[in-house]
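Chemist: got a sequence here, can you build the structure:
(one chain, ligands or ions: 2)
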Amino acid sequence: MLHIVDNPLIAVKLNYMRDEKTNSKDFRTLLDEISSLMTLEVFKDLKAVPTGEKIKTPTGSEVDKLKLNYNIIVVPILRAGIGMSNGVINMLPTAKIGHIGMYRDEKTLTPVEYFCKLPKVENPLVLVCDPMLATGGSAIDAVTMIKKRGYTNIRLLNLVGAPEGVKKVEEAHPDVDIYIAALDERLNDVGYILPGLGDAGDRIFGTL
Ligand code: PRP
Ligand code: URA
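Modeler: Ligands and ions are numbered 1, 2, ... in the order given. Got it, this is the predicted structure:
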């Protein structure tokens, strides 16, 4: 299921990211902030449950120590996903972090995998992050890699999506909820999202 996170604070920050004049440092900061804001939406259905332990407050009172009802694993798709994962993790101090290494072959537009390392936890909920969902190939392959390793509860966090790519991910993995800040118009003939924001990895890391 697709969730478009509709929030004016996010919309204005994303609009600034789209501007070709926005430099790498501002681009990274905005992506970090949007990722934190989106994390609140992605996990708003989770529950804070008692751990069985108590904590004491400075007034001498005792209250239940709480935890989330899932153990969150945040998995950025290298490279550009790294630009989102810090903002997500800042909201989730107990989250574990995995990594998937993958890049799009510029001619065929198909993803090439080069790395996968995922933490083992009980009762996991995996959040895959990548700012761009273009043809959908990278997201589909990343989720497939994660499922092959036994994880079943998976969500996808993107900044900008193309309708074509979103449709493909929904068809390939109907069990995965997709959260994006904007559903853009379409892909151009070289697989870039329009209007989009250009090459997210290059803008984050200054490799233009
Ligand atoms: C970009 C982006 C996604 C992928 C999206 O990564 O960060 O991973 O393309 O395209 P798709 O939906 O058509 O698969 P890229 O391959 O440019 O690698 P990078 O993160 O190293 O820049
Ligand atoms: N990857 C990007 O970084 N940007 C796009 O528009 C498409 C894929």
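
Chemist: looking at the chain, what residue ends up closest to ligand 1?
Modeler: Gly201 (2.2 Å; CB to the nearest ligand atom). No exception for glycine: its C-beta is placed from N, CA and C like everyone else's.

Chemist: from Gly81, how far off is Leu40?
Modeler: Using CB to CB, to the nearest Å, Leu40 is found at 19 Å from Gly81.

Chemist: and the two? Which one has more around it.
Modeler: Per other CB atoms under 10 Å, whichever of Leu40 and Gly81 has more neighbours is Gly81, with 29 against 11.

Chemist: contacts only, for that one.
Modeler: Listed by CB atoms under 8 Å, 6 or more residues apart in numbering, the contact set of Gly81 reads 75, 100, 128-131.

Chemist: which members of the residues you listed occur in strands, if any?
Modeler: Secondary structure assignment by DSSP state E places 75, 100, 128-129 of these in strands.

Chemist: next, format those as a markdown table and append neighbour count.
Modeler: A markdown table is the format used below for the ones in strands among the contacts of Gly81 (neighbours: other CB atoms under 10 Å):
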| residue | neighbour count |
| --- | --- |
| Val75 | 29 |
| Ile100 | 25 |
| Val128 | 26 |
| Cys129 | 30 |
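
Chemist: okay if I get the residues you listed as a markdown table plus pLDDT and distance to Ile55?
Modeler: Compiled in a markdown table, the ones in strands among the contacts of Gly81 are given as follows (pLDDT from 0 to 100; distance: CB to CB, whole Å):
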| residue | pLDDT | distance to Ile55 |
| --- | --- | --- |
| Val75 | 98 | 30 |
| Ile100 | 97 | 36 |
| Val128 | 98 | 33 |
| Cys129 | 98 | 31 |
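
Chemist: and which of these is nearest Lys148?
Modeler: Checking the ones in strands among the contacts of Gly81 against Lys148 with CB to CB, the nearest one is Ile100 at 11.6 Å.

Chemist: my read: that closest one touches Cys116, true?
Modeler: Yes - using CB atoms under 8 Å as the test, Ile100 is close enough to Cys116 to be in contact (5.3 Å).

Chemist: now the common contact residues for these two.
Modeler: Joint contacts of Ile100 and Cys116 (CB under 8 Å, 6+ apart) are Met145.

Chemist: how many neighbours does the residue nearest to Lys117 when sequence neighbours are not counted have?
Modeler: Nearest non-adjacent residue to Lys117, counting by CB to CB, 6 or more residues apart in numbering: His99, 5.4 Å away. Counted with other CB under 10 Å, residues neighbouring His99 total 16.

Chemist: go on, Leu127?
Modeler: Neighbours of Leu127 (other CB under 10 Å): 25.

Chemist: wait, it touches Ile77, no?
Modeler: No - assessed by CB under 8 Å, Leu127 is found out of contact with Ile77, at 11.5 Å.

Chemist: okay, stretch 189-203 in CSV with CA atoms only?
Modeler: Only the C-alpha atoms of stretch 189-203 are listed here, as CSV (Å, rounded to 0.1, in the frame of the first residue of the first chain):
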residue,chain,number,x,y,z
ASP,A,189,13.9,8.3,-21.2
VAL,A,190,17.0,7.8,-19.2
GLY,A,191,15.1,6.7,-16.1
TYR,A,192,15.3,9.9,-14.1
ILE,A,193,12.2,11.1,-12.1
LEU,A,194,10.5,14.2,-13.5
PRO,A,195,10.4,16.8,-12.0
GLY,A,196,12.5,15.0,-9.4
LEU,A,197,15.6,16.4,-7.9
GLY,A,198,18.4,14.9,-10.1
ASP,A,199,20.8,12.3,-9.0
ALA,A,200,20.3,12.0,-5.2
GLY,A,201,23.5,10.2,-4.5
ASP,A,202,25.6,12.7,-6.4
ARG,A,203,23.9,15.6,-4.7
